[in-house]
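**Student:** structure for the following, please:
(4 chains)
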There are 2 protein chains.
Amino acid sequence: MTTSLSRGPYKPGRIREQSRDLILQAAEAEFACHGFRGATMQRIAESAQVPKANIHYYFSNKLSLYGSVLENTLNLWDTVFNELSSHDEPADVLSRYIDAKINFSRTHPTASRLFAKEMISGAPHLSAYLQQDYRLWFKQRMSVFESWIAQGKMDNIDPAHVIFMIWASTQYYADFEPQILIATQTEQLTEQAFINAASSIKQIILKGCGIKY
Amino acid sequence: MTTSLSRGPYKPGRIREQSRDLILQAAEAEFACHGFRGATMQRIAESAQVPKANIHYYFSNKLSLYGSVLENTLNLWDTVFNELSSHDEPADVLSRYIDAKINFSRTHPTASRLFAKEMISGAPHLSAYLQQDYRLWFKQRMSVFESWIAQGKMDNIDPAHVIFMIWASTQYYADFEPQILIATQTEQLTEQAFINAASSIKQIILKGCGIKY
DNA sequence: TCAATAGCTGTCTAATTAGTCAACTTTTCA
DNA sequence: TGAAAAGTTGACTAATTAGACAGCTATTGA
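**Tutor:** Take a look at the predicted model:
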């Protein structure tokens, strides 16, 4: 962007990051609600309270903006993924992981929804990520479960389905919030509601897998 | 629709239903993939291989088409909902319900995805349905679980979370198919894969809830 | 057979869309 | 302080959008 020989009297500013983050935050909400095609740059601009042209100053086009939003989300995601460590007892490991996942659903519901929408659409913008980090992560965790089964620490259940069940159950409280609110006759999901959900999920998963606790 | 006094020499044709269904099918796929805002009438028309004006002959506007698609989907949904009957032993009832739900994910993945997208967007077009049929259904099933708990037929777990867990786990195999395919390193989910999934879910839910089987 | 109605579609329009650009203001630092 | 670069934005464009409509063909039943 800058000419190579310019020793211009200017340093890349920190306004940049501030404005970028403001736009990214508005974009995340809009993309999570309406998907890539359904979101409009105009609505994102209004939500972030900046002119539309300002978005195009920071992001070359809509796809690039979406890519940046996804990247942000995946970084958050990875943090939770790594919570599932291989040492310690199965009960501790899974309990901590379920707590971390439920906590993510509570604190980052739009990130969860964005990811879900992308998946339901066939994950056209996630193939690279899924093929790399995710695939490796999944394989490694599978082998942890298998060693637990071999050691008689849990029942002989296909670990893949256990992981899917944990993901599905925990993300449900972010993705399907309207359904839960109406079923439970409440106005909004409190922190206590998430704690209760985590507790029930842990109880069923641990006992259901025959894990001592 | 027909003027009340017309004894015109024409009977409402059956071409109507045929063409409507063709359009509805294409619309379901498009809406499931791109959401309400992201879907376009042009793409639906191309997918159904009819001129765009033909869609507007059968459906007054985009929202009306979306409403008809949702209505179709909800009718299918109700069928599965009713599978959870109140008599018989918990193990039988839940086993049959989980099988029915997994089967729905296999045979009607787009319906499941459409419903999921609508939910993630905040269910703006489903409030009426959710407030009526769904709310009543949920209350009734909750009381069935509670009677099981009172009879000592299952552990004391909040039934709402059990139901959410079953819904989440079974719908996951339709909604998050790309993630599962990459994790399991397969090209597509076979019928056997769904059977295995149902088997694992049943095992965990039943044992996890302390239900004898 | 034929007229009445259902069914169909090419062509148009007004609104919205993503993206461009040149002119402008603000920030930086030597 | 001043000039260079970063940051900003109103006004524009070309493409796409949902939808309207007039005129057409196909189907029906008496």
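**Student:** every contact and neighbour count from this point should use C-alpha atoms.
**Tutor:** Noted.
**Student:** from the chain's centre, how far out does the lowest-mean-pLDDT helix or strand in chain A sit?
**Tutor:** Between all helices and strands in chain A, the lowest mean by mean pLDDT, DSSP states H and E belongs to helix A:127-129, at a mean of 86. Averaging C-alpha coordinates over helix A:127-129 and over its chain gives two centres that are 15 Å apart (Cα atoms, centre = their mean, to the nearest Å).
**Student:** are that helix and chain B in contact anywhere?
**Tutor:** No: using Cα under 8 Å from any Cα of the partner chain as the criterion, no contacts between helix A:127-129 and chain B are found, and the smallest distance is 8.9 Å.
**Student:** in the helix or strand that that helix is followed by, what counts as buried?
**Tutor:** On the C-terminal side of helix A:127-129, the nearest following helix or strand under DSSP states H and E is helix A:135-150. Neighbour-count burial for helix A:135-150 flags A:135, A:137-138, A:141-142, A:144-146, A:148-149 (criterion: 16 or more other Cα atoms under 10 Å in any protein chain shown).
**Student:** switch those over to a markdown table; also include distance to DNA strand D and pLDDT.
**Tutor:** Written out in a markdown table, the entries for the buried residues of helix A:135-150 read as follows (distance: Cα to the nearest atom of the strand, whole Å; pLDDT from 0 to 100):
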| residue | distance to DNA strand D | pLDDT |
| --- | --- | --- |
| A:R135 | 34 | 90 |
| A:W137 | 37 | 90 |
| A:F138 | 37 | 93 |
| A:R141 | 42 | 92 |
| A:M142 | 42 | 94 |
| A:V144 | 46 | 94 |
| A:F145 | 46 | 96 |
| A:E146 | 48 | 96 |
| A:W148 | 51 | 95 |
| A:I149 | 51 | 96 |
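**Student:** quick revisit: which strands and helices sit next to the least confident helix or strand of chain A?
**Tutor:** Counting contacts by 3 or more Cα pairs under 8 Å, 6 or more residues apart in numbering or on different chains; DSSP states H and E, helix A:127-129 is packed against no other helix or strand.
**Student:** right, and the helix or strand after the lengthiest helix in chain A?
**Tutor:** Once chain A is assigned using DSSP state H, the helix that runs over the most residues is helix A:15-38. If you walk from helix A:15-38 toward the C-terminus, the next helix or strand you reach (DSSP H and E) is helix A:41-48.
**Student:** whichever helix or strand comes after that next one: how far from the chain's middle?
**Tutor:** Stepping forward along the backbone from helix A:41-48, the first helix or strand reached (DSSP H and E) is helix A:52-58. Mean-position distance between helix A:52-58 and its chain equals 26 Å (Cα atoms, centre = their mean).
**Student:** for chain A, give me the ranges with low pLDDT.
**Tutor:** Counting by pLDDT under 70, the ranges of chain A that qualify are A:1-13.
**Student:** could you break it into its assigned domains?
**Tutor:** The record's domain split for chain A, according to automatic domain parsing, is A:12-59, A:67-208.
**Student:** would CSV of those with distance to B:R96 be doable?
**Tutor:** What follows is these, written out as CSV (distance: least, Cα to Cα, whole Å):
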stretch, distance to B:R96
domain A:12-59, 34
domain A:67-208, 18
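**Student:** quick one: which of these is nearest B:M154?
**Tutor:** When the domains of chain A are ranked by distance to B:M154, counting by Cα to Cα, first place goes to domain A:67-208 at 11.5 Å.
**Student:** got the end-to-end distance for that closest one?
**Tutor:** As for domain A:67-208, its first-to-last residue distance stands at 39 Å under the measure Cα to Cα, to the nearest Å.
**Student:** let me know whether it sits next to DNA strand C.
**Tutor:** No: for a cut-off given as Cα under 7 Å from any atom of the strand, domain A:67-208 has no contacts with DNA strand C; the smallest distance is 11.8 Å.
**Student:** contacting residues around the residue nearest to A:G122 when sequence neighbours are not counted?
**Tutor:** For A:G122, ignoring the flanking residues on the chain, the nearest one in space by Cα to Cα, 6 or more residues apart in numbering or on different chains is B:P178 at 6.0 Å. The neighbourhood of B:P178, defined by Cα atoms under 8 Å, 6 or more residues apart in numbering or on different chains, consists of A:119, A:122-123.
**Student:** now for the residues you listed, which sits with the most neighbours around it?
**Tutor:** Neighbour counts for the contacts of B:P178, by other Cα atoms under 10 Å in any protein chain shown, peak at A:M119, which reaches 20 neighbours.
**Student:** hmm, that one is touching B:Y172, no?
**Tutor:** No: with contacts defined as Cα atoms under 8 Å, A:M119 does not count as touching B:Y172, sitting 10.4 Å away.
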